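[1] I'd like to go over a predicted model; first the sequence, then the structure.
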Amino acid sequence: MSEHPQPSARARELVRGAFDVHIHIAPDVMRRRVDDVTLAKRFAEVGMAGFVLKSHYVPTAERAEVVRGVRPDTTVLGAITLNASVGGMNPIAVEIAARSGAKFVWLPTVDSANQRDCQAAEPEGATPPMWARIQAELAESGMAAEAVDVLDEAGQVLAKTRQVLRLIAKHDMVLATGHLHADEIERVVQAAEAEGVRRVVVTHPEFTSQRVGIERQRRLAERGALLERCLTTPYTGKVDWDVWLGNIREAGYEHSVISSDLGQPFNPPVEDGLAIAADVLLEGGFTEEEVRTMTVHNSRWLVGAEPLPDAPAKGEA
């Protein structure tokens, strides 16, 4: 018997057609629970549409194309994360990723200035992220990269950040805010709007290095950004479930997209992530329609997939 939660049949049905827009699977520079081809098969078996391959260290667009060739029944999308291993805020890396078919651009995560400066201790009992060990090993080996900034010392958006935003807009990619500080997130989202970026997602606003306040979440939502509610943030003890659920209610379910952020060997199977979250949301008082908007319709809009027949019209959710 698995020690992990088992999704209900009701939850399985609710998340049919969804994309999981944030997962970490093999091959990777750290041990993962499942490889991408196997996961694509499992997604098809449970009726989910696809997933976005996230790596903190390497672009994944070419790999995603290979998986789509092997498993054409699942839409696997590539991404790039602008950490030191790809040159940080590197417009050339973004342009090449876009030409390779990447859909998501995460701003710096493990090498963000905020993550480096973050002094917030993990809550008691919380499971630390797996990349923390790699970052420590690189530093111990004398390979600690400089932090990747998106703003200058006066708090203004850097010219190279704006260049990256223009490339995201040009290729109609998705801007994900990575592990930026809440102040940085708001500045960058404003700049993204000015540069014409259509699809913005605020990466796990409840994570220990983000802790985006609810008033700021509302302002970001008013600008059209989706707030990404990752299952693993409360599941691994980094925030209370009540806070996670309360923020969704306060900011509005229609402005939230559910992802799993799964793939760690000690966490539940990746294909179960959205359905587990759906059960939590139902138990927390959200309706089936609201759960389906957060898991299915908003994830499909984010990746540019065709809306399903039961999708609410834009602005009616």
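    Nice, I can see it. Numbers count the residues shown, from 1 in each chain.

[2] All the strands of the stretch 51-200 of the chain, residue numbers only.
    Counting by DSSP state E, counting those that start in this stretch, the stretch 51-200 of the chain has strands at residues 75-77, 79-81, 104-106, 174-176, 199-202.

[3] who does the helix or strand just after the longest one touch, helix- and strand-wise?
    Tracing the chain past strand 199-202, the next element assigned as helix or strand by DSSP states H and E is helix 214-222. If you count contacts as 3 or more C-beta pairs under 8 Å, 6 or more residues apart in numbering; DSSP states H and E, helix 214-222 packs onto helix 182-195, strand 226-230, helix 241-251. Every residue, glycine included, has its C-beta placed from N, CA and C.

[4] In CSV, list the strands of the stretch 51-200 of the chain along with mean neighbour count.
    Formatted as CSV, the strands of the stretch 51-200 of the chain follow (neighbours: other C-beta atoms under 10 Å):
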stretch, mean neighbour count
strand 75-77, 23
strand 79-81, 25
strand 104-106, 25
strand 174-176, 25
strand 199-202, 24
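
[5] re earlier: can you redo the helices and strands packed on helix 214-222 as JSON lines with mean neighbour count, distance to A136 and mean pLDDT?
    Output for those, formatted as JSON lines (neighbours: other C-beta atoms under 10 Å; distance: least, C-beta to C-beta, whole Å; pLDDT from 0 to 100):
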{"stretch": "helix 182-195", "mean neighbour count": "20", "distance to A136": "24", "mean pLDDT": "98"}
{"stretch": "strand 226-230", "mean neighbour count": "25", "distance to A136": "23", "mean pLDDT": "98"}
{"stretch": "helix 241-251", "mean neighbour count": "17", "distance to A136": "28", "mean pLDDT": "98"}
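
[6] With distance to E271 as new columns, can those be given to me in a markdown table?
    What follows is the helices and strands packed on helix 214-222, written out as a markdown table (distance: least, C-beta to C-beta, whole Å):
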| stretch | distance to E271 |
| --- | --- |
| helix 182-195 | 30 |
| strand 226-230 | 16 |
| helix 241-251 | 21 |
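
[7] Ok, which of those comes nearest H297?
    Among the helices and strands packed on helix 214-222, the nearest to H297 by C-beta to C-beta is strand 226-230 (11.0 Å).

[8] so how far is the helix or strand following the closest one off the chain centroid?
    Heading C-terminal from strand 226-230, the first helix or strand you meet, by DSSP H and E, is helix 232-235. With C-alpha atoms, centre = their mean, to the nearest Å as the basis, helix 232-235 stands 13 Å off its chain's centre.

[9] same thing with stretch 107-122?
    Worked out by C-alpha atoms, centre = their mean, stretch 107-122 lies 16 Å from the chain centre.

[10] And the contacts of that stretch?
    For stretch 107-122, the external contacting residues (C-beta atoms under 8 Å, 6 or more residues apart in numbering) are 56, 81-84, 88-89, 128, 131, 134-135, 145, 147-150, 175-181, 184, 188, 203, 208-209, 211, 237-238.

[11] buried sites along stretch 307-316?
    A311 (16 or more other C-beta atoms under 10 Å).

[12] Before I go, just wanted to say thanks for your time.
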